[in-house]
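Got a sequence here, can you build the structure:
(2 chains)
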Amino acid sequence: MSVEAREAREAREAREARVAVYRRQWSEPIDGPAWLRVLRAESMARFEAHGFPTQKNEDWHFTNPAPILEGAFGAMKPALGTLTAVDIAAFKLSESDWPTLVFVNGRYAPHLSRVDTLPSGVRVMNLASALHEEPTLLEHYLGRIASFEGQAFAFSSLNTALMKDGAFLHVARDTNVETPIQLVYVSDAGAEGGVSYPRNLFVVERNALVSVVEQYVTTDDARYFTDSVTEAVIGDGATLRHYRVQREGRRAFHVGHVETTQGRDSHYVSFSFAAGGLLSRTNVYTRLAGEGCGATLNGLYMIDGDQLCDHQTRIEHVAPNCYSREMYKGVLDGSSHGVFNGKVYVHPEAQKTDGKQTNNTLLLSDRARIDTKPQLEIFADDVKCTHGATVGQIDDRMAFYMKSRGVGAETARQLLTYAFAADVLETIELDELRESLEKGALERFTS
Amino acid sequence: MLKIKDLTATVGDKEILRGITLTVNAGEVHAIMGPNGSGKSTLAQVLAGHPGYAVTGGTVEYEGKDLLDMEPEERAHAGLFLAFQYPVEIPGVSNAYFLRTAYNEIRKARGAEEVDPMDFLDIMTEKLKMVEMDESMLQRSVNAGFSGGEKKRNEILQMAVLEPRLAILDETDSGLDIDALRVVADGVNKLRREDNATIVVTHYQRLLNYIVPDFVHVLAGGRIVKSGGKELAHELEAKGYDWLVEPAGVSA
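As a prediction, this is how the structure comes out:
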C-alpha cells in the first residue's frame, strides 16, 4: 500500500472513530411524534455522512475543532451534587421574579426554575414539556430555522440528532413582555467528560416584544462540552432582544449556534458575551426576510491564557429597506486566540440595504492573536454597506491624555482596557446584564 | 514658577523648538502667539510631557524642580495642566469616573485622602455651573461625540476641578463660537488667583479680549521673536505676523 493510501485510510479511520463516539450516544428514536423521529434520524444521517469539519472547511479555517473531538465526550452524567438555589443565585441577574429556566448538566431542574410569574401571553417551559403541550408549534419550527447542510454545521446536526431538552418560549401577538426571561445552563463536577445538547426555540409572534438572557456557566472546573442550538422566529413588527452569555469553565468546550428568521418590520437585537471555555465557537445568524427589518449584532470576547474564542456571524439581507448594525470587540491577553468572521450577505432583491459592521480587537500581549475576516457579499446595486476591522494596542493618545490629568500609567492602561470593553457593553439595553458585565470587566481589568 | 531656558525640541528629525527662553511667575497670565507652524503647540505639549517630542537641549524648571525629568502624570500631580487643542475621545469611560480618578490620583500623590463619589459629585455640581454644562455630561463618555465647543468646555471643567497651579491653554479658542468663547474665558478668569499662573497659546487676539494677558510673546520659527505687554496683541491683530517673522534661511 502506498504512503498516500495508508495516510488516507488512517485519516478515514480517525474520522470514523470520532463519529463513532457520537454514534454510540444515538439510538433509533422510538418515542415522540413521527416528525421528530424523522428529524432526528435525518440529522444523524447527515452528521454521519459529512463528519466533523476540519480547517479545510472555510468556516473553520481559523479554528481547529480537533481538541473537541479528541475529548471523545460521552453522554453527560447528571449533577454530582444537588445544586440549590444558593448555588445558582450567583448566575441570576435579578433577585426579582424574572421567569427562569435552569438546566443542570443538560437536564431541566424544575426546583431551581421559576415559571409561576409569567405575564399573560407568554409561555415558557422546557422543550420536553413543550413537545406535549405545544406539538403543533414545535413541529412547525423546530429544526426548520437553523442551517444544517454540510460539514460546517456538523455540531448543529449532532445537536438535532441528540438533543434532550432546552427552553421553549412563545410570546403571543401584541404582547410586550416587560420582564426578561432567563435561561441558565449550569454544569457541575458531574459534567466531567460529558457532552450536553441544549436546544432552544423562541417564537415571538407579530408585534410582540421580549428579552431573553441565555447563560452558559459552571460551578466547577470540569472538562465538558456544550453543543447548543437556539432557533428563533421573529414575527412581523416583533422585537427579540437576545443576550447570550458564555462563561463556561476554563477547561470546557462550547459550540453554540443561534439562528433567527425575521418577519417584516421586525427587530433582532443580539449580544454575545464570551469569556469562558478553552475553545469556544458561537455562531449568530439572522435572516432579514421581510421588508423594513433591523438587526443589531454586538458582542464582546475577553480571553487570556490559552483560550480560543471564535465568533461567526451571518446577516442575510433578503428583503429591501432593512438595516443591520454589528460591532464586535475583543480583549485578548496571554497566548489567547480570537477569531471573528462576519458575513453580510445582500440578495439582489435587497435594495436600500444599510449595513455597518466593525470588529475591533485589543491585544494586551505580544503572544495573543486575532484572525478577523469581515466579509461583504453584495448582489444588489443600491445599498450602503461598510465594514472594517482594527487590531491594536492601547491608544497612545488616550493614554497620554489620561496621564496629563494625573492618572498613573498603569491605572490609565487598566482604565483604557476597561473602556474598550465597556464601549460595546454600553449597547446592552438590559440594565441588570449591562451592569453585571461592566462590573465583571472592571474587576478583571483594574486592580 | 516656570523657568524655560534655551529649550530645543524635535519631532522625528525635525527641529521645532529652537531655543525658547521664558519665565512665568505666580499670578501672571502669558499669551503665546504666532503663525501656524511656529511651534506654539509643540511648546505646550513638551511642557506637558508628550512622548512624541524629544527635548534636545535646554532646561525647564518648575517650582524649583526639573520638569523635563518628570512623567506626564507627575507633572499633573505637581499642578501642571494642559488644556488640549484637540481633546481626546475616550469611549467607555464616563466623564465622572475619569475626573474622579484623576482628582483622587492627584490627591493621593499629594498625600491627601481620596474623595468618595458622593462628595465628588458636590464638587462637580459647583464646577459644572461655572462652565455652563449640564449634569448629564458627567455620565457621557469622555469627549465621545461631543461638539467642538463641548470638548473645550470639558477641558475647562477638568481644569476647574483639578485646580492647577500652572494652566496651559493650547488654542482653546479655535473652533469656538463667541458664546462658547465667552464661557470658556469666564471659566479661566474665575480660576485666576495670585498663586497660580496661566499660559494662553493662541493664533488670534480674539481670546485675549476676554482673558487679558500680562505679557504677550510672539513665537516664530521655534523662537520667541518679540515680547511685550497686552498692547502687542492688538498690534499683531492690526499688522499680522509678517513684520516679525524673519525670511526663511536668514535666522539660521
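
Not counting stretch A:52-59 itself, show me its contacts.
A:15, A:18-19, A:60-66, A:69, A:151-152, A:154-155, A:312, A:341 (CB atoms under 8 Å, 6 or more residues apart in numbering or on different chains). From N, CA and C alone the C-beta is placed, and that goes for glycine too.

Kindly check the end-to-end length of it for me.
Stretch A:52-59 has an end-to-end distance of 12 Å (CA to CA, to the nearest Å).

buried sites along it?
For stretch A:52-59, the buried set under the neighbour-count rule, 16 or more other CB atoms under 10 Å in any protein chain shown, comprises A:52-53, A:57, A:59.

rewinding a little: Produce a ChimeraX select command limited to the buried residues of the contacts of stretch A:52-59.
Those of the contacts of stretch A:52-59 that count as buried under 16+ other CB under 10 Å are selected in ChimeraX with:
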select /A:18,19,60,62,63,65,69,151,152,154,155,312,341
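
Looking at the contacts of stretch A:52-59, which are in strands?
Residues of these located in strands (DSSP state E): A:312, A:341.

circling back to that earlier point, any idea which of the buried residues of stretch A:52-59 is closest to chain B?
Using CB to the nearest CB, A:Asp59 is the member of those that sits closest to chain B, with 31.2 Å.

Can you read off the pLDDT for that closest one?
For A:Asp59, the pLDDT comes out at 93.

now do B:Asn209
89.

Kindly report the same for B:Asp173.
pLDDT, B:Asp173: 87.

and what of B:Lys230?
89.

which SS class is the residue nearest to B:Tyr210 when sequence neighbours are not counted?
If the residues on either side of it in the chain are set aside, B:Tyr210 comes closest to B:Ala185, at 3.2 Å by CB to CB, 6 or more residues apart in numbering or on different chains. Classification of B:Ala185 using DSSP: H, G, I helix; E, B strand; the rest coil returns helix.

what number of residues lie near B:Ala185?
When neighbours are defined as other CB atoms under 10 Å in any protein chain shown, B:Ala185 has 23 of them.

again with A:Glu248
The burial count for A:Glu248: 26, using other CB under 10 Å.

From chain B, how far off is A:Thr411?
7 Å (CB to the nearest CB, to the nearest Å).

Surely that residue is within a helix?
Yes. Using three-state DSSP, the secondary structure at A:Thr411 is a helix.

so it makes contact with B:Glu105?
Yes. Contact criterion CB atoms under 8 Å: A:Thr411 and B:Glu105 qualify, at 6.7 Å.

More neighbours: which of the two?
B:Glu105 (22 against 18).

Assign that one to helix, strand or coil.
Under the three-state scheme (three-state DSSP), B:Glu105 adopts helix.

Which positions in stretch A:365-381 come out as buried?
Buried positions in stretch A:365-381, judged by neighbour count with 16+ other CB under 10 Å: A:368-370, A:372, A:374, A:376, A:378, A:380.

Closest one to B:Tyr53 out of those residues, please.
Closest approach to B:Tyr53 among these (CB to CB): A:Ala368, at 30.7 Å.

residues touching the closest one, list them.
Shown in contact with A:Ala368 (CB under 8 Å, 6+ apart): A:304, A:332-338.

tell me which element A:Gln375 falls in.
Element membership of A:Gln375, judged by DSSP states H and E, is strand A:369-378.

Partner strands of that strand, with direction?
Paired with strand A:369-378 in the same sheet, following DSSP bridges, are strand A:337-346 (parallel).

after the strand it pairs with comes which helix or strand?
Under the assignment DSSP H and E, the closest C-terminal helix or strand after strand A:337-346 is strand A:354-363.

need the residues of the stretch 151-252 of chain B near chain A, please.
B:158, B:162 (CB under 8 Å from any CB of the partner chain).

Spell out the residue ranges of the helices in the stretch 151-252 of chain B.
B:178-191, B:231-239 (DSSP state H, counting those that start in this stretch).

Return the most buried member of these.
For the helices of the stretch 151-252 of chain B, the largest average neighbour count (mean count of other CB atoms under 10 Å in any protein chain shown) is found in helix B:178-191, namely a mean of 18.

average pLDDT across it?
Across helix B:178-191, pLDDT averages out at 87.

before we move on, what about stretch A:341-356?
If you average the pLDDT over stretch A:341-356, you get 96.

State whether B:Gly92 is indeed within a strand.
Yes. If the criterion is three-state DSSP, then B:Gly92 is within a strand.

how far away is it from chain A?
Using CB to the nearest CB, one gets 3 Å for the distance from B:Gly92 to chain A.

who's in contact with that residue?
By CB under 8 Å, 6+ apart, the contact list for B:Gly92 reads A:418-423, A:426, B:141.

Can you flag the buried ones in the contacts of A:Ala368?
The neighbour count (16+ other CB under 10 Å) marks A:304, A:332-333, A:335-338 as buried among those.

Identify those among the residues you listed that sit within helices.
Among these, no member is found in helices (DSSP state H).

could you dump these to a markdown table with pLDDT?
Below are the buried ones among the contacts of A:Ala368 laid out as a markdown table (pLDDT from 0 to 100):
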| residue | pLDDT |
| --- | --- |
| A:Asp304 | 95 |
| A:Leu332 | 97 |
| A:Asp333 | 95 |
| A:Ser335 | 97 |
| A:Ser336 | 98 |
| A:His337 | 98 |
| A:Gly338 | 98 |
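
So which of the residues you listed are in strands?
A:332, A:337-338.

Closest to chain B out of these?
Nearest to chain B among these is A:Leu332, at 16.9 Å by CB to the nearest CB.

Spatially, what comes nearest to the closest one if we skip its sequence neighbours?
Leaving aside its sequence neighbours, A:Leu332 sits nearest to A:Ala368 (CB to CB, 6+ apart; 3.8 Å).

same question, A:Ala154
Nearest one to A:Ala154, counting by CB to CB, 6+ apart, is A:Phe52 at 5.0 Å.

is it true that that neighbour lies in a strand?
No. Using three-state DSSP, the assignment for A:Phe52 is coil, not a strand.

got a pLDDT number for it?
So, for A:Phe52, pLDDT stands at 93.

quick one, phi psi at it?
The phi and psi values for A:Phe52, taken as degrees, to the nearest 10, are phi -80, psi 150.

For A:Gly256, see how far away it is.
Going from A:Phe52 to A:Gly256 by CB to CB, to the nearest Å gives 16 Å.

and the most centrally placed residue in chain B, what does it touch?
Of all residues in chain B, the one closest to the mean position by CA atoms, centre = their mean is B:Ile168, 2.1 Å from it. By CB under 8 Å, 6+ apart, B:Ile168 lies in contact with B:44, B:47-48, B:80-83, B:198-199, B:201.

What of A:Leu69?
Taking CB under 8 Å, 6+ apart as the criterion, A:Leu69 is in contact with A:18, A:21, A:52.

Looks like the first one contacts A:Gly51 (just checking).
Yes. Applying CB under 8 Å, one finds A:Arg18 in contact with A:Gly51, separated by 7.2 Å.

May I have the beta-bridge partners of B:Val142?
In this entry, B:Val142 is beta-bridged to B:Ile90, by DSSP bridges.

Make CSV from the buried ones among the contacts of A:Ala368 and add distance to A:Arg244 to it.
CSV is the format used below for the buried ones among the contacts of A:Ala368 (distance: CB to CB, whole Å):
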residue, distance to A:Arg244
A:Asp304, 20
A:Leu332, 20
A:Asp333, 22
A:Ser335, 25
A:Ser336, 20
A:His337, 20
A:Gly338, 17
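
What is the nearest of those to A:Lys403?
Distance to A:Lys403, by CB to CB, is smallest for A:Asp333 among the buried ones among the contacts of A:Ala368, at 22.0 Å.

Helix or strand for the residue of the stretch 201-350 of chain A found nearest chain B, just tell me which one.
Of all residues in the stretch 201-350 of chain A, the one sitting closest to chain B is A:Lys329 (9.7 Å; CB to the nearest CB). Assigning secondary structure by DSSP H and E places A:Lys329 in strand A:323-332.

partners of that strand, with directions?
When pairing is defined by DSSP bridges, strand A:323-332 lines up against strand A:294-303 (parallel), strand A:354-363 (parallel).
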